[in-house]
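Novice: starting from these lines, generate the structure:
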Amino acid sequence: MAQIETELQLLKTEAINMWTLVNSQLSKARQAFLTFDKDLAREVVLKEKRVNGSELKIDRDCENIFALFCPVAIDLRFLLAVLKINSNLERIGDIAEGIGKYIIDAEVPFSKELLEVTRVLPMYEEAVNMLEDTQAAFEKEDTILARSVFKKDDFLDGINRASNKVLENHLKEHPEDTPQALWLLSIIRKLERVGDQSKNVAEEIIFYLEAKVLKHSKKFA
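Specialist: Next up is the predicted model:
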């Protein structure tokens, strides 16, 4: 095996480990949200430093491979994709940390009625699924699975678009829920961004494997 192939395989392993860490962060933040577990939320916040450290390590390794091997063709696309995926994963880690901080600061668990009308729980579940699907697509080099992420993002976008009106109607009858409604709206916005980041990652996987640039394209062909 050529030296560059060894280095690229090591880089892929690092990226997968980063994915696994960010997946864990997002899932733990979800569990803390569901159970109002402040200790678990604090764990998510503390582990964000590991996410940041992993991002920096992957960036440095990509730079070293560029400098030493001057990759071309699919190797070059792989490196470019990993750099962008790495950045998107770090941002999802930031979002998980932000949700963890909401749980830590909240005084009481969220109203079950509010959770139901906003559909934030199925939204969160789908956001986690999207991130897991992108990791599986990357590991298996599966562009069909990567493309399946786009439709799931539409589901998140729909809940996000409806949230303002849903909360407005709820608060007309339950004005006392205003503080919690504002918190939930912020979480919904964060989950919508998780969907966007996961979609970006899926686009990079397709770019790497098929040499197709889907960014800013209205058709995910």
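Novice: how far away is the residue of the chain most remote from its centre from Glu14?
Specialist: Ranked by distance from the centre of the chain (Cα atoms, centre = their mean), the top residue is Glu173, with 34.2 Å. Using Cβ to Cβ, to the nearest Å, Glu173 is found at 51 Å from Glu14. Where C-beta positions appear, they are placed from N, C-alpha and C, glycine not excepted.
Novice: cool, and Glu139?
Specialist: From Glu139 to Glu14 the distance is 13 Å (Cβ to Cβ).
Novice: what about these two, which has more around it?
Specialist: Between Glu139 and Glu14, counted using other Cβ atoms under 10 Å, Glu14 has the larger neighbour count: 17 against 13.
Novice: now that one. Its backbone dihedrals?
Specialist: phi -60, psi -40 (degrees, to the nearest 10).
Novice: just the pLDDT for the nearest residue in space to it that is not next to it in sequence.
Specialist: Distances taken as Cβ to Cβ, 6 or more residues apart in numbering place Ile58 nearest to Glu14, at 5.4 Å, with adjacent residues excluded. pLDDT, Ile58: 98.
Novice: tell me which residues of the one helix or strand Ile58 maps to are tucked away?
Specialist: For Ile58, the host element (DSSP states H and E) is helix 38-69. By 16 or more other Cβ atoms under 10 Å, the buried positions in helix 38-69 come out as 40-41, 43-45, 47-48, 51, 54-55, 58, 61-62, 65, 69.
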